[in-house]
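Chemist: Need a 3D model of the following:
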Amino acid sequence: MRVQVIGGSCSGKSTTSRRLAAILGVPYVELDALHHDPGWQEASAEVFRARVEAALAAAPDGWVVDGNYFGKLDSLVLDQADTIVWLDIPYRTAVRRVFWRTLRRSLSREELWNGNRESFRIAFSRESIVLWVLRTHRGFGAKWAPRLEGRNVVRVTDVDSWLQSIQATESISGSSKGSELQNTPPFVET
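Modeler: Model (predicted):
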C-alpha cells in the first residue's frame, strides 16, 4: 500500500503517518526530513526530488509519505500513491497545536531534522511556523481539491477514530495492488 498523508501545517501529518505506517507494516517517509538540511537550509527541487525518489524506490512493497511539497515535487508522490489521506482539521485545532508545539520544541530544544531546532527567535520571525499556519490553513482545501480530483482520497476529520477503524486485511498487508482501507469515508468537497 502506498499512502500520502497531506494536510495543512500542524494537522497531525507526522504523527498520523507514523501510526498508519505501523498499522500497515510499511516504511514511513517524512518529507520534512528530506527537505531540511542543516541550518534550516532547504534542499533544491532537484536534490529534494532525487531524495524522495530514492526513498520511495527503497520501499517497493509500500510506504506512507507525510507531507505536501507540491511546489517542489509536483505530483511525484501523488501519482505513485494508491490512497491520499487528507487531514482536514479545524482552524482552531491547528492554531492551538502550532502554539503548543512551537513552545514545547523551543523550550526542550528538541532536534527535528539534520540538527535543526525550533527557537523563540525563529517562532517570531518572518519564517515563523506560527504565522504560516495563521495565513495558510484556511486555504488548504481550496488549493488542494483540484490536485486530488480523480484520485482515491480519504478525507479525515477525526484521526483517532479513523485509525481505529482501519482493519489490516490481506489486501493491505504490504501489497500495493488491490488495496483498500476498511470503513473509510469517501472524499467529499466542502
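Chemist: lowest-pLDDT helix or strand in the chain?
Modeler: Lowest by mean pLDDT, DSSP states H and E among the helices and strands of the chain is helix 120-123, with a mean of 67.
Chemist: residue ranges for the strands of this structure, please.
Modeler: 2-7, 28-30, 36-37, 41-42, 63-66, 83-87, 153-156 (DSSP state E).
Chemist: export these to CSV and tack on mean neighbour count and distance to Thr15?
Modeler: For the C-beta atoms, the positions are set from N, CA and C on the backbone; glycine is no exception. Formatted as CSV, the strands of the chain follow (neighbours: other Cβ atoms under 10 Å; distance: least, Cβ to Cβ, whole Å):
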stretch, mean neighbour count, distance to Thr15
strand 2-7, 26, 10
strand 28-30, 20, 11
strand 36-37, 17, 18
strand 41-42, 11, 23
strand 63-66, 27, 9
strand 83-87, 23, 10
strand 153-156, 22, 12
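Chemist: for the chain, what are the low-confidence residue spans?
Modeler: 40, 105-106, 108, 110-117, 119-125, 130, 132-133, 137, 167-190 (pLDDT under 70).
Chemist: The same query, at a cut-off of 80, please.
Modeler: Scanning the chain for pLDDT under 80 picks out the ranges 8-10, 37-41, 94-95, 97-144, 167-190.
Chemist: tally of neighbours for Ser9?
Modeler: Residues within reach of Ser9, counting by other Cβ atoms under 10 Å, total 19.
Chemist: Give me the phi and psi angles of it.
Modeler: Ser9 adopts backbone torsions of phi -60, psi 140, taken as degrees, to the nearest 10.
Chemist: count of neighbours near Arg109?
Modeler: Counted with other Cβ under 10 Å, the neighbours of Arg109 add up to 9.
Chemist: whoops, Glu53 was the one
Modeler: 14.
Chemist: Look up the closest residue to it, ignoring the ones flanking it.
Modeler: Distances taken as Cβ to Cβ, 6 or more residues apart in numbering place Leu76 nearest to Glu53, at 7.2 Å, with adjacent residues excluded.
Chemist: Equivalent analysis for Arg155, please.
Modeler: Once chain neighbours are set aside, the closest to Arg155 by Cβ to Cβ, 6+ apart is Trp86, at 4.7 Å.
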